[in-house]
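[1] need a 3D model of the sequence below.
(2 chains)
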Amino acid sequence: MLFHTSTFLVFFLVVFALHWWVIKRDVKWQNGLLLVASYFFYGCWDWRFVALLLFSTLLDYFTGLRIGNTDNERHRKTWLWISVGINVGLLGVFKYYDFFTLSFADLMSTFGWKVDVVTLQLILPVGISFYTFHGLSYVLDIYHKRIQPDRNLVDYALFVSYFPLLVAGPIERATHLLPQLKKARQFNSEQTAEGLRFFLWGLVKKVLIADNCGIIADAIYADPTQWNAPTLWLGVAMFTIQVYGDFSGYSDMAQGVSRIFGIQLIRNFNYPYFATSIAEYWKRWHLSLTGWFRDYIYFPLGGSRGGKWQQARNIFVIFLLSGFWHGANWNYVGWGFVNACFFLPGIIRGTKELWYERFLKPDVRGRLLEIGLMLFTFIQIMMSLVVFRNTSIGNMLIYLRNMYFGDWRFDVPESLIGFNKTMILVVLFFAAEWISRKKEHPLEQLHKTFSRPLRWLIYYLILILLAWFAGHQQQFIYFQF
Amino acid sequence: MKGIIIRAFIFLLPILGVAAAYAFLDPFKVIGTYSNYKPEGLALNVPLNQNRVSAGTFLFYNDSIRYNSFIFGSSRSMFYEVKDWQAHLKTDARCFHFDASAETIEGILHKIQFLERQRVEFQHVLLILDVDIFRPYTLLNEHLYMEDPLVVGYSKWLTFQSSHFMAFLDRKFLRAYSDFQYSGIAKPYMAQLNLLDDKPFEYNPVSNELRYTHFEKLDEAGQYYTEERMKKFQPQRDGKQRFSAPVIDSRKKEQLAEIAQILGEHNCDTRIVISPLFNQINMAKEDLMTLGTLFGEKNVYDFSGVNNLTESYTGYYERSHYRPHIARAVLDSVYSVRPY
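    All right, here's what the predicted structure looks like:
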């Protein structure tokens, strides 16, 4: 059940009506309803995995209670490891088992040893990486005494399975979401309108930007050998924008839906392509995941406290893990490695100011320099996504070779369907994001700037654009993670 | 809350107006029921979902006719004419062409299950297959190729209807459709962009049979294989025997087994035709063996690969579809020993 389908619209309207009309202000019933709705939502993907979600929830709920109920450090640690072990084990079985066994067999075969391995060929349960990380953060927070265990199973189960964030995040924290679930929620028309605007902007990102860019990126990636170098650059650029539109679009829609139910989710994206360095980019991209790795892996490993070598090691650890989190394939690990490498110059330099930093002032030269740095950062992101997208090293090398050493005559191939339309949409989109980069999204607080007729005109215009210029509907990229 | 709902309703009024106009016009014929989905003689026709045409037509006529013989397949099965087939069958055979564009084996299974729910007595079935029917289609989410909720159940109703409504809102289609509705004039751009169909045809709603007699007449006058149309035959074949990779996996095998089981329970005379496709690529031997095991070897007739039916391009309209005389030759071969 995708957010931008008619099926979801009906589901949402039913839940909305029950939540605000039938139940009104009783928090227990509100949470109960959202929990049932969340399990139904998850079941629509695949009923077989509802049991897995329930098991994961019960595991962390009970281990959380065990950890919270005792001061015996040995017991606390044992329960923590039981939870971490089973969570990571489930993730390992469903997501990584086949990858590791086949990689092992490949490695052995390079030494001339033939190893017969048994693969499970399991279907990856949608959202498993997201709800496993929800549960892990909860148990770790209890262990580190940041929170008390929640004794209300319904509230906790809703924290894990809340449908707007269940299948593609953002990865919530108990410290942020659980307190909101404890308070009775009252209908607020301004908040609902804001939620709808957030959802609409997510829809723009997904349907107008990601799906259209996806058509061009898919056409170019389908056979990199047939295109000239500028077209291959265009392909990566389109994929880079597609990933952003797709993932942040989903996050925005999730935020929008959630706000309509009176629950605010943590911010997942903050205009990442306006970052002027790779370090800044990672403070703007998939914030809930980077925050998770920072708090539960990077800091416990020592962060940047133990000198440059230790910092570099920790950066590599979290990026390689982040790569693995994205998928069981070496291209994702490679993507993590490339990103970690981009951090190295900054680590080596330390706090020393760069030569150009003194020119970064709010004047024309400073602005131009800023734009130049943004472009440079964008190119770095593109390079990492060449690795991310190509599932084999051979394809990646061919792509890179042709990107740099291919034919450099520029002509837009006629076979790229909708090129002009997509370019116009992309330019308009980034212009809108640039103008509103201080806000959460370009439609935020629109009622404070424009009169109702003008606002409605803008909404109609967006709806017409969505109906007339939508790309081919594509699956959300991050659902596979 | 009342305030925001009233505002939302007012905001949505223009959209509801468009939806009402769509429901009234029903351009894709997916809202009302029709005795004839494809009336002849119109200058242009809106391309329809063939799943709906077949299922809607069947439901309209079945009570009075009680069909018992069916041809299943993709658009490639379109040119098997019922009168040709009927000549080979029992005299009480009442035939219906239950085809769909971009048909899949799963789609055929759903249709057979649907017919069984309608208490149809299967007497004769002709399955027109090829490797493409076993391949995953990416088109199945598009309104023209979606399975019909009349056949697969109402859980798909909303997706089916909303896809058609969104197709109606497509700016190119809306422009061409409104232009044609308003002016009544068929303009070249309408057909060139495949928004509306200008190919003349004959349609028999009782058997759900479509015939492009216009093309046949052009061929008789030596005007069909023009330079423009010959481009649709590229790339040409080299006349060498080739085999496709096996396409029947375990899931497809289960679906075929289910089809065989249902038809077997009816003691249905089932014949399987592997289409003589222009590409002259043989179906994989493993796939033929699977079909033979499930339906009986004597009931599987393979016309794929290099043979006298696939030899000449004149047996084809373009690379994908073969012509009625080839279909007739196939039927003659399949029913060469007349069992009735």
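
[2] okay, now residue A:177: neighbour count?
    23 (other Cβ atoms under 10 Å in any protein chain shown). C-beta here means a position set from N, CA and C on the backbone, and glycine is covered the same way.

[3] quick check: the gap between it and residue B:186.
    Counting by Cβ to Cβ, to the nearest Å, the gap from residue A:177 to residue B:186 is 59 Å.

[4] contacting residues for the residue nearest the centre of chain B?
    By Cα atoms, centre = their mean, chain B has its centre lying nearest to residue B:100, at 2.6 Å. By Cβ atoms under 8 Å, 6 or more residues apart in numbering or on different chains, the residues touching residue B:100 are B:50, B:51, B:54, B:74, B:107, B:111, B:145, B:147.

[5] chain A: which of the residues you listed is nearest?
    Each of the contacts of residue B:100 was checked against chain A using Cβ to the nearest Cβ; the closest is residue B:145, at 13.3 Å.

[6] tally of neighbours for that closest one?
    Using other Cβ under 10 Å, residue B:145 has 20 neighbouring residues.

[7] so it touches residue B:49, yeah?
    Yes - using Cβ atoms under 8 Å, residue B:145 is in contact with residue B:49, at 7.2 Å.

[8] quick check: the residue of the stretch 1-150 of chain A nearest chain B.
    For the stretch 1-150 of chain A, Cβ to the nearest Cβ, closest residue to chain B: residue A:6, 3.6 Å.

[9] excluding residues flanking it in the chain, which one is nearest that residue?
    Of all residues not flanking residue A:6 in the chain, residue B:162 sits nearest, at 3.6 Å (Cβ to Cβ, 6 or more residues apart in numbering or on different chains).

[10] quick one: contacts of stretch B:215-230?
    Applying Cβ under 8 Å, 6+ apart, the contact partners of stretch B:215-230 are B:199, B:313, B:314, B:317, B:318, B:323, B:324.

[11] hang on, the earlier thing: give me the local confidence score for the residue of the stretch 1-150 of chain A closest to chain B.
    pLDDT for residue A:6: 86.

[12] report pLDDT for the closest residue to chain B within the stretch 251-400 of chain A.
    With Cβ to the nearest Cβ, the shortest gap between the stretch 251-400 of chain A and chain B falls at residue A:260, namely 10.3 Å. Residue A:260 is assigned a predicted lDDT (pLDDT) of 94.

[13] tell me the contacts of the most centrally placed residue in chain A?
    Centroid-nearest residue in chain A: residue A:286, 4.8 Å away (criterion: Cα atoms, centre = their mean). Counting by Cβ under 8 Å, 6+ apart, residue A:286 touches A:169, A:247, A:268, A:269.

[14] phi, psi of it?
    In terms of degrees, to the nearest 10, the main-chain angles of residue A:286 are phi 40, psi 60.

[15] okay, the residue of the stretch 201-340 of chain B found nearest chain A and residue B:243: tell me how far apart.
    Closest to chain A within the stretch 201-340 of chain B is residue B:250: 11.5 Å, counting by Cβ to the nearest Cβ. The gap separating residue B:250 from residue B:243 is 20 Å, by Cβ to Cβ.

[16] which strands and helices sit next to the top helix by length along chain A?
    Scanning chain A for the helix with the most residues, using DSSP state H, yields helix A:229-260. If you count contacts as 3 or more Cβ pairs under 8 Å, 6 or more residues apart in numbering or on different chains; DSSP states H and E, helix A:229-260 packs onto helix A:163-166, helix A:189-203, helix A:211-222, helix A:364-389, helix A:393-405, helix A:419-435.

[17] for the longest one, which residues meet the burial criterion?
    Of the residues in helix A:364-389, those with enough neighbours to count as buried (16 or more other Cβ atoms under 10 Å in any protein chain shown) are A:369-370, A:373-374, A:377-378, A:380-389.
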